[in-house]
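S.K.: generate a structure from the sequence data that follows.
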Amino acid sequence: MAVNELGRVLPLPHPRINIQSWRHGRHLSPFYLLLIGSAVLVSVLILLVPAYLLLRTATGWQNAADTLLRVQTWQVLGNTLWLALTVTVATAVLAVPLAWLTTCTDLPGRRIWAILLALPLVIPSYVAAFLFVSMMTPKGLLQQLTYPLLGIERFPNIYGFPGAFYVLTIISYPFTFLTVRAALRRMDPALVEAARSLGLSPRKAFFRVTLPYLRPSILAGSLLVALYVLRDFGVVTLLQYSTFTRIIYNRYTAYKLDAAAALALVLVLVTAVILYFEYRSRGRARYERISVGAARRMRATPLGIWRIPALAFVTAVVVAALIIPTGGLVYWFWRGWNQDFGVKDLGAAQSNVAALSTLLEPAMNSFTASLAGAGLAMLLALPIAILAVRRPGRVSAFFERLTYASYALPGIVVALAFVFFGINYARPLYQTLPMLLLAYVILFLPQAVGAQRSSLLQLSAGLEEAARSLGQRPSAVFTRITLPLVKPGMMAGAALVFLTCMKELPATLILSPIGFSTLAVQVWSTISEAFFARAAAPALLLLLLSSIPLAWMTLREREL
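M.R.: Residues are numbered from 1 along each chain as shown. A predicted model of the protein is given here:
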């Protein structure tokens, strides 16, 4: 310490770090040059899809113009935007309280509830829509079960917007739930404790401190939900609600490729507008830890008299989003085992067991391809997330925004673009597993980028700068400091990508190597041929394989 001329004690000076020069410095280390090179490579892969759409539209501009000038096209666009908006708001309203209850409160069995609440993400949209139709139609399974008890002869019509809104909400809210929950686990307990010490009640502390802190995670999850709705095909098709993806698919199946490409370009433009408003809504707030020392566990908030209503709310969501669909699958499996396969003797039973054993190879193919796709997506998303958070600017913002553009495209559009470039420019990669994995990366990269970006925002740049001031190289700082601290968010992103790859259908159908069958392909082939009971076995196996990694990841979390 030092003493000034007035006798006051002054703190010793210490080296100060120019964070602004580090973030916006002119000189880039080899580590950041490697990050930029990786981001450029990913951007080139993503731009292949709009390049294909532009080329196809230019070759048939007259057909494309006629399609875009129709009034029906813009009416369907309005339907698409309205569905995306309502589902996004509904999922956020569901996901935020569910994440808070399973992370920050003394809810009984909150870790088990967290697993159950995340599991609806493993249900493919076309399977969920089929189960919803088979159970909720005016003469469906639920009506048959309730008629002897309640005398209900007919349920309301669920086709159109109401059914599509309900199904998409219950299967897509885990996008926001997982990202918000990962952010809550990284939240500094000192923030809430300081608010409580100033006299705020738990409710006011949540709305004034916790909820604003969760803003990046809510936006990231909501963005994934909105883009997921824009690109969904199975739900809107089975529930007969006209959206852009449905029209694009119909144009492709009718070999009207020019019109389909023009509609897909409109979908890209809509995505760009959504990304712009999401970017402007982020603000300039800081979200990293501000306290020093090791991270502490957050003290669980006692629910008190609200424990029973909280349990009822969580139970209702699990029943609607998981128990009822799973029960429907079990029913169809039982029906197929006893009726469709005609089990009347031991020989028939052995025949059914042999039929089930044929699913082992598709199950292994689904698991390995999804695991490889998730790993590749996390690896390629990391440079983009680091540049977006640690080197903010126009270039890094372009890389980040570009990753989201292809997520709104239907899988069939991305697959056909890869087929075009594979046949004409990359013949050795055509119908190979690497091409399928690249398609997975392009389709689901935003899930990885969103999770990694939210985690990096909560990590103070001062920690990395302190290590740099001690002579550590950027690569060493990343592996020893950054990577361990953002690992929970990265695991959540990897789980999202893995689960989505498991149930991806159009890209898998078109780009899979010859003889490479997956569970998603098995489910779709049986449903398309109206063998609904036989589709239950691969669907249940798909749900089981998708659930195991998610449950393992959740159970390994530290108890808060």
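
S.K.: tell me if I'm right that Leu382 and Gln452 touch.
M.R.: Yes. If you go by C-beta atoms under 8 Å, Leu382 and Gln452 touch, sitting 6.1 Å apart. From N, CA and C alone the C-beta is placed, and that goes for glycine too.

S.K.: what sits in contact with each of these two?
M.R.: Common neighbours of Leu382 and Gln452 (criterion: C-beta atoms under 8 Å, 6 or more residues apart in numbering): Met490.

S.K.: the two: who's more crowded?
M.R.: Gln452 (26 against 23; other C-beta atoms under 10 Å).

S.K.: find the nearest non-adjacent residue to that one, please.
M.R.: Nearest-residue entry for Gln452: Ala385, 3.7 Å, with adjacent residues in sequence omitted and distances by C-beta to C-beta, 6 or more residues apart in numbering.

S.K.: quick one: pLDDT of that neighbour?
M.R.: For Ala385, the pLDDT comes out at 84.

S.K.: for it, phi and psi?
M.R.: As for Ala385, its main-chain torsions (degrees, to the nearest 10) stand at phi -70, psi -40.

S.K.: equivalent analysis for Ile158, please.
M.R.: phi -110, psi 0.

S.K.: that one reaches Phe132, doesn't it?
M.R.: Yes. At 7.1 Å, Ile158 and Phe132 qualify as touching, with contact defined as C-beta under 8 Å.

S.K.: need the residues touching each of these two.
M.R.: Going by C-beta under 8 Å, 6+ apart, residues that sit against Ile158 and also against Phe132 are 166, 239.

S.K.: the more surrounded of those two?
M.R.: Neighbours around Ile158 and Phe132, counted as other C-beta under 10 Å, are more numerous at Phe132. The numbers are 25 against 18.

S.K.: how far does the strand or helix carrying that one sit from the chain's center?
M.R.: In this assignment (DSSP states H and E), Phe132 forms part of helix 125-136. Chain-centre distance of helix 125-136: 21 Å, with C-alpha atoms, centre = their mean, to the nearest Å.

S.K.: I'd like the average pLDDT over it.
M.R.: Helix 125-136 comes out at a mean pLDDT of 81.

S.K.: list the buried residues in it.
M.R.: With burial defined by 16 or more other C-beta atoms under 10 Å, the residues of helix 125-136 counted as buried are 125-133, 135-136.

S.K.: and the helices in the stretch 201-350 of the chain?
M.R.: Listed in chain order, the helices of the stretch 201-350 of the chain (DSSP state H, counting those that start in this stretch) span 202-205, 211-213, 215-231, 234-238, 244-253, 257-280, 307-318, 324-335, 346-357.

S.K.: same thing with the stretch 51-200 of the chain?
M.R.: Going by DSSP H, counting those that start in this stretch, the stretch 51-200 of the chain shows helices at 61-68, 71-104, 110-118, 125-136, 141-150, 161-186, 189-197.

S.K.: which stretch among these is buried most, on average?
M.R.: Most buried of the helices of the stretch 51-200 of the chain, by mean neighbour count (mean count of other C-beta atoms under 10 Å): helix 161-186, with a mean of 25.

S.K.: can you give me the angle it makes with helix 324-335?
M.R.: Here helix 161-186 runs at an angle of 120 degrees relative to helix 324-335 (axes from the mean of the first three to the mean of the last three C-alpha atoms, to 10 degrees).
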